[in-house]
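Undergrad: The sequence isn't on hand, but the structure is:
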C-alpha cells in the first residue's frame, strides 16, 4: 500500500518470530480447548445412555483439566488477538475495513464460551443435569466457532476476496463476500477436524499410559480401557475425515495458491504427470528434492484427479515470490503424522473388532502413548506450513508481510519477555495438572462408585 | 447520529463496561491480598467468591474493545498499534499471569498464597497501565518523524498529567471495588466484612475525587483543548460530583432492610457507577472528534461504510442471543443467595 518499507527483513523476521511464538504456544491450548469439550460431551452422553458411572467420572475429571487448560488458552488468545494489532497494524487496517466480521462474530462465540464455562465449572452443583449438558454443548460450540472464525481470517489471507486496492485505496468492499472467501469452508473444516482428532488422541494417550502403569490393578485398567476405546474411536473417525479434507485443501492450493503447493511438493518445473516426492529436503541450487522418494504421476493425480493435470512449478514465478523451501519438510511431517495416526486407529480397530483380541500388546500401547503429542506436533507443523508457505505475502498478492509490520522497534526485548512468560506458564500448567490429579487419584473415586 | 458517532458510542460503551467490571475485578484481587491474614473476617473469601466466576467474562470485554476499535476505526489502529506496542505488551503480560494463576489456585490450593499476591499486586499495576492509554491519546507524548510515529516514554513518565491519571486509576479501582464488595457482603449477611469494606470505601472515596480534580488541573497545562471542552460541559461534571455526595450519604443512611444496619450500599454502588458515567461522558464528548490528538479523528479513522453496516447487524443479532446468557449468569452468581452466602465446598 502507500506506506514505504522503512525496515529491513531482520525487523520483519523478529516480528514474525514473536508472533509465531505466541501462536505456537496458544495453538496447543486452543486446539485442546476445542477437542476436549467434544470428548467431555461424548462421555456425558455415554453416561446418559449406559448409566455407567465411569463415564460420569471421566467427564468430571476432563472438565477439571479443561478448566486449567482454558486458564492458559484464554489469556494467550487475548495476547494473540491484541498482538495482531500491535505487530501487524498495516494488516489489521485492511482487516478492519474488509474482514472485520469474523473477528466481531468471534467475540460473541468467545462470550458464549466464557459465560457457560464459568457456569459449568462454578455452578455445576446448583444447576440441573439438562442445564449441565446444555452449558457444555454451548462451551463446545463456542470453542469450535472461535476456531472456525479465526481460521476464516487465515483463509482470507490466502484467498482474499471482497475488495480491491486501487491507487493505495481500498475500494469495492463487500464484507460478506470476504467472509465467504473460496478457502473458508475447507480450511476451517480442516482446523476443527484436526482439533477433534488431537483432543481424542490426547485422551487416548493418557489412558494408554495409565493402563501401562497400573498393569495389576484390574479396576483401574477397566476405567482407562473405556477412555482408551473412546479416544481411539473418535480419533480414528476424525483422522479419516481430516485426511479426506486435507486432500481437498491441497486441491484448493493447486487452484488458488499454486506456488504454495509447488513449494510444499518441491516442484520446480511446470509439468503434467508430475511426480509426488515424499520426504527429503528441497535444494535451491540443483532445483531438486534430495533424498526424497519419488512416486511418478501421483502429484498430478492428487492435484486434479487426472494424471495429465498440469501442476505449476516454482520456476513460473519470480523468485522473490517463492515461499521458503523448507516448507516441503513441514508439509511432509504434517501429512506423515496424520497418516500414521490413521493407520494406528485402523490397527486398533482390526485388533479389537476383527481379531476379537481385548488386550492390546505392549508395543501398540506405547505407540498410542505417543499419539497425543504427535497429533499436537502435526498441528504445529501444519500451521507453520500454512503461514510460512504464504510468505512473502500477508494477504496473497495484495500486501506483503513487510508492508504490514509495525514501525516500532525494540521487538527483541519483547520477544524475550513473552517467551519467558510462555515457558513459565508451560511449566506451571504441568505442575498444576500433576498436583491436582495426584491429590485426586482415580482409585479414590472408583472405590466410592463401585 | 452519524455512523461514526454510533460506532464511537458503542466503543465507548464497551470501554465503560470494561472499566467498571475490571476495576471491581482488579480491586477484589487487591483486597483479598490485604485481608489474607485476617481469616476470621471472611473479607478475603467474599472477594474471591466474587472474582472466580467473573474474570473470564471480564477478560472477554478487553478483546471486545480491541475488536471494536479495529473493526470500526481501522485507520486509528495503525497509529494506536504502533505507539501502544510497549504499554500494550506490558498489560498483556500482567493480565496473562494474573488470569492463569486465578484458575490455578482454584484447582490447586497449594498455590493460593502465591496467587493472592500476584493478583493483588497486578490488581494495582494493570489499571495504572491501562489508563495511560488516555493521556497518550491527548497527543503530546506522540512524536512523528518521517511518517513514523513513536511514543516518547520519557516524556510520558515525567508528566504530572500521567501520574494524575495513574492516581485516579488506582484510587478508583480501590474505591469502586470496596463499595461493590460492601454491597456483596451485605447481601451475604457478612456484617464484619461489610463493616470493613464500607470503612475502606469511605476512606478512599475522597482520594478518588481528589485525583480526578488533579487530572483537571494538570490537563489545563498539558491538553488545553480537552480541558476547555470539558469545562464547557460543566453540568455533567457537576452532576458527577452530586452523585458522589449522594453515594457518600447513602453509606450513612439507616438501612431499609435491616434493623440497626447502617448504610444503603446498593444505592451507593448505583450512584457511583452513574457518577463515573457522567464524568466519562463529559470527557469523551470533549475528546471528540479526535481519537488521537491531532492526527486521527473518528472520521479519518472510520471503517468502510459497507463493513460498518454489516457489523452493526451482527451487533444486534449477537446481543439478542447473548442477553439471556448474561441474565442467567447474573442470577447464578450475583443474586443466588446460595452462592453469595454459602462457603464453597
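TA: Yep, it's here. Quick caveat: nothing in here was measured; it's all calculated off a predicted structure.
Undergrad: contacting residues for the closest residue to chain A within the stretch 101-250 of chain B?
TA: Nearest residue of the stretch 101-250 of chain B to chain A (Cβ to the nearest Cβ) works out as residue B:103 at 2.8 Å. Every residue, glycine included, has its C-beta placed from N, CA and C. For residue B:103, the contacting residues are A:67-68, A:70-72, by Cβ atoms under 8 Å, 6 or more residues apart in numbering or on different chains.
Undergrad: Apply 10 Å and report the result again.
TA: A:67-72, A:74-75, A:121, A:429, A:432, B:52, B:55-56, B:115 (Cβ atoms under 10 Å, 6 or more residues apart in numbering or on different chains).
Undergrad: Helix, strand, or coil at it?
TA: Following DSSP: H, G, I helix; E, B strand; the rest coil, residue B:103 is assigned to helix.
Undergrad: related to what we said a few turns ago, between the contacts of residue B:103, which sits nearest residue B:334?
TA: residue B:52 (12.8 Å; Cβ to Cβ).
Undergrad: Excluding chain neighbours, what is closest to residue A:67?
TA: residue A:121 (5.1 Å; Cβ to Cβ, 6 or more residues apart in numbering or on different chains).
Undergrad: Helix, strand, or coil at that neighbour?
TA: Applying three-state DSSP: residue A:121 is helix.
Undergrad: What about it, how many residues nearby?
TA: Look at residue A:121: counted by other Cβ atoms under 10 Å in any protein chain shown, it has 21 neighbours.
Undergrad: Just list the residues touching it, thanks.
TA: Residue A:121 touches A:63-64, A:66-67, A:70, A:135, A:139, B:52-53, B:56, B:103, B:106-107, counting by Cβ under 10 Å, 6+ apart.
Undergrad: can you list those residues in CSV and add distance to residue B:173?
TA: Listed next are those as CSV, based on distance: Cβ to Cβ, whole Å:
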residue, distance to residue B:173
A:63, 32
A:64, 31
A:66, 31
A:67, 27
A:70, 26
A:135, 31
A:139, 30
B:52, 19
B:53, 20
B:56, 19
B:103, 22
B:106, 22
B:107, 27
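Undergrad: For chain B, which residues score under the pLDDT cut-off?
TA: Applying pLDDT under 70 to chain B picks out residues B:39-41, B:43, B:47-52, B:106, B:108, B:110-111, B:255-261, B:335-345.
Undergrad: Which stretches in it count as strands?
TA: B:142-145, B:148-151, B:290-292, B:296-297 (DSSP state E).
Undergrad: Need these in a markdown table (columns: distance to residue A:307).
TA: Shown next, in a markdown table, are the strands of chain B (distance: least, Cβ to Cβ, whole Å):
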| stretch | distance to residue A:307 |
| --- | --- |
| strand B:142-145 | 59 |
| strand B:148-151 | 54 |
| strand B:290-292 | 58 |
| strand B:296-297 | 57 |
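Undergrad: possible to save these as a markdown table with distance to chain A and mean neighbour count?
TA: Listed next are the strands of chain B as a markdown table, based on distance: least, Cβ to the nearest Cβ, whole Å; neighbours: other Cβ atoms under 10 Å in any protein chain shown:
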| stretch | distance to chain A | mean neighbour count |
| --- | --- | --- |
| strand B:142-145 | 10 | 13 |
| strand B:148-151 | 5 | 18 |
| strand B:290-292 | 13 | 20 |
| strand B:296-297 | 12 | 20 |
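Undergrad: which one of those strands lies closest to residue A:273?
TA: The nearest among the strands of chain B, by Cβ to Cβ, is strand B:148-151 at 52.0 Å.
Undergrad: tell me what that closest one is packed against?
TA: helix B:74-83, helix B:85-107, strand B:142-145 (3 or more Cβ pairs under 10 Å, 6 or more residues apart in numbering or on different chains; DSSP states H and E).
Undergrad: Comparing the ones you listed, which stretch has the densest surroundings?
TA: Of all the helices and strands packed on strand B:148-151, helix B:74-83 has the most neighbours on average by mean count of other Cβ atoms under 10 Å in any protein chain shown, namely a mean of 24.
Undergrad: relative orientation of it and helix B:85-107 in degrees?
TA: 80 degrees (axes from the mean of the first three to the mean of the last three Cα atoms, to 10 degrees).
Undergrad: what is the orientation angle of the helix or strand containing residue A:432 with helix B:85-107?
TA: According to DSSP states H and E, residue A:432 maps onto helix A:411-439. Interaxial angle of helix A:411-439 relative to helix B:85-107 (the same axes, to 10 degrees): 0 degrees.
Undergrad: which one of the contacts of residue A:121 is nearest residue B:128?
TA: Nearest member of the contacts of residue A:121 to residue B:128, counting by Cβ to Cβ, is residue B:56, at 22.7 Å.
Undergrad: Tell me, how many residues neighbour the closest residue to that closest one other than its chain neighbours?
TA: Among residues not flanking residue B:56 along the chain, residue A:114 sits closest, at 4.1 Å (Cβ to Cβ, 6+ apart). Neighbour count for residue A:114, taken as other Cβ under 10 Å: 26.
Undergrad: quick one: the strand or helix carrying residue A:114 to helix B:85-107, angle?
TA: Here residue A:114 sits within helix A:100-122, counting by DSSP H and E. On the basis of the same axes, to 10 degrees, helix A:100-122 is oriented at 30 degrees to helix B:85-107.
Undergrad: Helix or strand next in line after helix A:100-122, which one?
TA: Later in the chain than helix A:100-122, the nearest helix or strand by DSSP H and E is helix A:129-158.
Undergrad: relative orientation of that following helix and helix A:100-122 in degrees?
TA: 150 degrees.
Undergrad: what pLDDT, on average, does the helix or strand that helix A:129-158 is followed by get?
TA: Next along the chain after helix A:129-158, taking DSSP H and E as the criterion, comes strand A:164-166. Regarding strand A:164-166, the rounded mean pLDDT is 87.
Undergrad: buried stuff in strand A:164-166?
TA: Using 16 or more other Cβ atoms under 10 Å in any protein chain shown as the test for burial, strand A:164-166 gives residue A:165.
Undergrad: Report whether that strand contacts chain B.
TA: No. Strand A:164-166 stays clear of chain B (Cβ under 10 Å from any Cβ of the partner chain), getting no nearer than 11.9 Å.
Undergrad: Name every strand pairing with that strand and say which way it goes.
TA: Strand A:164-166 sits in its sheet next to strand A:169-171 (antiparallel), going by DSSP bridges.
Undergrad: ok, how many other residues are close to the closest residue to residue A:415 other than its chain neighbours?
TA: Nearest residue to residue A:415, sequence neighbours excluded (Cβ to Cβ, 6+ apart): residue A:18, at 4.6 Å. For residue A:18, the neighbour count with other Cβ under 10 Å is 22.
Undergrad: cool, and residue B:254?
TA: Going by other Cβ under 10 Å, the residues that sit close to residue B:254 add up to 11.
Undergrad: Now the phi/psi pair for residue B:301, please.
TA: Main-chain torsions, residue B:301, degrees, to the nearest 10: phi -90, psi 0.
Undergrad: Residue 156: neighbouring residues, count only.
TA: You didn't say which chain, so I picked chain A. Residues near residue A:156, counting by other Cβ under 10 Å, number 26.
Undergrad: I was after chain B.
TA: Residue B:156: 17 neighbours (other Cβ under 10 Å).
Undergrad: Surely it and residue B:136 touch.
TA: Yes. With contact defined as Cβ atoms under 10 Å, residue B:156 reaches residue B:136; the gap is 6.9 Å.
Undergrad: which residues are in contact with both of those two?
TA: Common neighbours of residue B:156 and residue B:136 (Cβ under 10 Å, 6+ apart) are B:87, B:142, B:162.
Undergrad: could I get these as CSV with distance to residue B:270?
TA: Shown next, in CSV, are these (distance: Cβ to Cβ, whole Å):
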residue, distance to residue B:270
B:87, 32
B:142, 37
B:162, 31
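Undergrad: returning to what we had before: out of the contacts of residue B:103, which two sit at the greatest distance?
TA: A:429 and B:52 (18.3 Å).
Undergrad: can I assume residue B:142 is in contact with residue B:153?
TA: No. Under the criterion of Cβ under 10 Å, residue B:142 makes no contact with residue B:153, lying 11.1 Å away.
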